[in-house]
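*Asks:* Here is my input; please provide its structure:
(chains A, B, C and D)
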Protein chains: 2
Amino acid sequence: MPVTVLLVDDEPLVRAGLRAVLEAQPDIEVVGEAADGAAVIPLVRRLRPDVVAMDVRMPLLDGIEATRALLRTVDDPPRILVVTTFENDEYVYEALRAGADGFLLKRARPAEIVHAVRLIAEGESLLFPASVRQLAAEYGDTGGNRAARAVLERAGLTEREAEVLRLMARGLSNAEIAARLVVGTETVKSHVSAVLAKLGARDRTQAVIAAYESGFVAPG
Amino acid sequence: MPVTVLLVDDEPLVRAGLRAVLEAQPDIEVVGEAADGAAVIPLVRRLRPDVVAMDVRMPLLDGIEATRALLRTVDDPPRILVVTTFENDEYVYEALRAGADGFLLKRARPAEIVHAVRLIAEGESLLFPASVRQLAAEYGDTGGNRAARAVLERAGLTEREAEVLRLMARGLSNAEIAARLVVGTETVKSHVSAVLAKLGARDRTQAVIAAYESGFVAPG
DNA sequence: GCGAGCCTCCCCCGCACGGGGGAGACGATC
DNA sequence: GATCGTCTCCCCCGTGCGGGGGAGGCTCGC
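*Replies:* Now for the predicted structure:
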């Protein structure tokens, strides 16, 4: 009976890579994929994977928050392997505090990745902060504006407000947003004001910056 | 006759992902992989790929140096698509200046990655953000990597204007920028207007979006 | 010397933006 | 039925923003 794995990462490329690496093993089966933390819980409920390979930096709900939510709301939760690009100790500790069972760098070799998944599935934990620290020093820690991200995630934007923010982040004026959403400009102004208040932004430019910095919208 | 691609990335996971994405296409063939920039030149000599998909951050020889070396030492060099995780102004400029033909984020969707490889193979240049491509059209460039370079350089921001744009992208108002730069607000307004005109932006929000989309400023 | 480009500052002017209120309609929840 | 949150729309009002001009001082290179 193979180890079943759910992949959670906002980059399709990474998901494809993980899938290729893991499915090359006869005893490991990738049973599903999710692109953000918010989609994880229902998927876990349905697929009941043994292991969730979870990215840290994701839109909507990051890996750490998703881990917390998962362990809090799901009975008999899967083991969680946090997968990330390059890390600082804060992330390691935060992830472990949140209840993750292991911690792995994307930079790891395929054999290490496979090994990690097997270990985690067997109930072992896995972490190597030494190599993490070394890599962080080697490549220079870019950090990331976690403050802005946290703000956005905990801001509690409604669906409509998020929609408006997305359009703001595409450079649309209030009038253009109104036309796009088929509502009045006064309505859009209300939503924009709500977005600004919730994000702690002074104007739409700052709101758009927060959207980019938090990963709510991505360049490209 | 399929497009042949050489993958150069120090992360096996990313190579596996790219391979999975690209080989799903009947007209694209991955002919080889390399884990660092130093291994690229002999591989290119032997395999003669149409396109090299090259990571920026790599041990031994980074993607920019490898690009330079490749174009300097190989006859009839392949087209070079720089693939990277984080958008960073220095990298964009440096990579294009080194002679890369395109610039792509790893977080791009599979369809975008495939599209990028095809475009590059056809001799087009590619800058992932639409706004930059738009600039290319506006400035009447003929395509090719010279175009890409020229666009970014000839987008023609002066040093001062670039400085103002950076501050705009940090959410500062005109008055705050003026205070920071120790000049009058009217001066800042002049610079901002120049930036807007050169970027084809209607307001500062669109300018900041362009800054993010072009990699002029990077999230995090 | 002279122009070109850049940085600096100034004027007028229209308007989109954002703050601060309020309010009706609807669905979900209790 | 009552309450809450969301979405919708409205009012007034001040101002920061951006367009369209112009102009002086400075350092370049021709």
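*Asks:* For chain A, name the helix or strand with the lowest mean pLDDT.
*Replies:* In chain A, no helix or strand scores lower on mean pLDDT, DSSP states H and E than helix A:129-139, which sits at a mean of 29.
*Asks:* Would you map the helices across chain A?
*Replies:* For chain A, the helices defined by DSSP state H cover A:12-23, A:40-47, A:63-73, A:89-98, A:110-121, A:129-139, A:146-154, A:159-168, A:174-181, A:185-199, A:204-214.
*Asks:* buried stuff in the first one?
*Replies:* For helix A:12-23, a neighbour-count test (16 or more other C-beta atoms under 10 Å in any protein chain shown) marks A:12-22 as buried. Every residue, glycine included, has its C-beta placed from N, CA and C.
*Asks:* which one among those residues gets closest to chain B?
*Replies:* Set against chain B, the nearest of the buried residues of helix A:12-23 by C-beta to the nearest C-beta is A:G17 (3.2 Å).
*Asks:* need the contact list for that closest one.
*Replies:* Contacts here follow C-beta atoms under 8 Å, 6 or more residues apart in numbering or on different chains; on that basis A:G17 touches B:12-18, B:20.
*Asks:* okay, now the closest residue in space to A:L172 that isn't next to it in sequence: neighbour count?
*Replies:* In space, and not counting its chain neighbours, A:L172 is closest to A:R180: 6.8 Å by C-beta to C-beta, 6 or more residues apart in numbering or on different chains. When neighbours are defined as other C-beta atoms under 10 Å in any protein chain shown, A:R180 has 14 of them.
*Asks:* Please apply the same query to A:V30.
*Replies:* 21.
*Asks:* The one 10 residues further on now?
*Replies:* As a burial measure, the neighbour count of A:V40 was computed by other C-beta under 10 Å and equals 26.
*Asks:* wait, what's in contact with it?
*Replies:* A:6, A:8, A:34, A:52, A:54, A:61, A:66, A:69-70.
*Asks:* Then A:A100?
*Replies:* So A:A100 contacts A:54, A:64, A:67, A:80-82 (C-beta under 8 Å, 6+ apart).
*Asks:* where's it relative to A:P78, distance?
*Replies:* 11 Å (C-beta to C-beta, to the nearest Å).
*Asks:* And A:V182, by the same measure?
*Replies:* 42 Å.
*Asks:* In terms of pLDDT, where does the residue nearest to A:P110 when sequence neighbours are not counted sit?
*Replies:* Nearest residue to A:P110, sequence neighbours excluded (C-beta to C-beta, 6+ apart): A:V21, at 4.5 Å. What the model reports for A:V21 is a pLDDT of 79.
*Asks:* wait, doesn't A:V21 sit right on A:K106?
*Replies:* No: counting by C-beta atoms under 8 Å, A:K106 is not a contact partner of A:V21; they are 10.8 Å apart.
*Asks:* list residues touching both of those two?
*Replies:* Going by C-beta under 8 Å, 6+ apart, residues that sit against A:V21 and also against A:K106 are B:L13.
*Asks:* Okay, domains of chain A per the record?
*Replies:* Taking automatic domain parsing as the reference, chain A has its domains at A:3-139, A:146-214.
*Asks:* Any part of the last one near DNA strand C?
*Replies:* Yes: where contact is defined by C-beta under 7 Å from any atom of the strand, part of domain A:146-214 touches DNA strand C, namely A:173-175, A:185, A:189-190, A:192-193, A:196-197, A:202-205.
*Asks:* So among those residues, which ones count as buried?
*Replies:* The buried subset of the residues of domain A:146-214 next to DNA strand C - by 16+ other C-beta under 10 Å - is A:173-174, A:192, A:196, A:204-205.
*Asks:* how near is the spatially closest residue to A:M58 that is not a sequence neighbour to DNA strand D?
*Replies:* In space, and not counting its chain neighbours, A:M58 is closest to A:D10: 4.5 Å by C-beta to C-beta, 6+ apart. Computed as C-beta to the nearest atom of the strand, to the nearest Å, the A:D10 to DNA strand D distance reads 23 Å.
*Asks:* ditto for A:A175
*Replies:* Counting by C-beta to the nearest atom of the strand, the gap from A:A175 to DNA strand D is 12 Å.
*Asks:* With A:T185 as the reference, measure out to that residue.
*Replies:* 5 Å.
*Asks:* and if you look at A:E23?
*Replies:* Shown here: A:E23 relative to A:T185, a distance of 51 Å by C-beta to C-beta.
*Asks:* same question, A:V31
*Replies:* 47 Å.
*Asks:* between the contacts of A:V40, which is closest to DNA strand D?
*Replies:* A:L61 (16.4 Å; C-beta to the nearest atom of the strand).
*Asks:* In contact with A:V83, which residues?
*Replies:* By C-beta under 8 Å, 6+ apart, A:V83 lies in contact with A:9, A:14, A:18, A:53-56, A:104-106.
*Asks:* Would you point out the most distant pair within those residues?
*Replies:* A:L18 and A:V56 (14.3 Å; C-beta to C-beta).
*Asks:* rewinding a little: filter the buried ones among the residues of domain A:146-214 next to DNA strand C down to the ones close to chain B.
*Replies:* Among these, the ones lying near chain B by C-beta under 8 Å from any C-beta of the partner chain are A:173, A:204-205.
*Asks:* Tell me which of these has the lowest pLDDT.
*Replies:* Scoring these by pLDDT puts A:S173 last, at 89.
*Asks:* How about the contacts made by that residue?
*Replies:* By C-beta under 8 Å, 6+ apart, the neighbours of A:S173 are B:202-203.
*Asks:* okay, A:V182 and A:P78: which has more neighbours?
*Replies:* A:P78 (24 against 7).
*Asks:* where does the more buried one sit relative to chain B, distance-wise?
*Replies:* 21 Å (C-beta to the nearest C-beta, to the nearest Å).
*Asks:* Cheers, nothing more for now.
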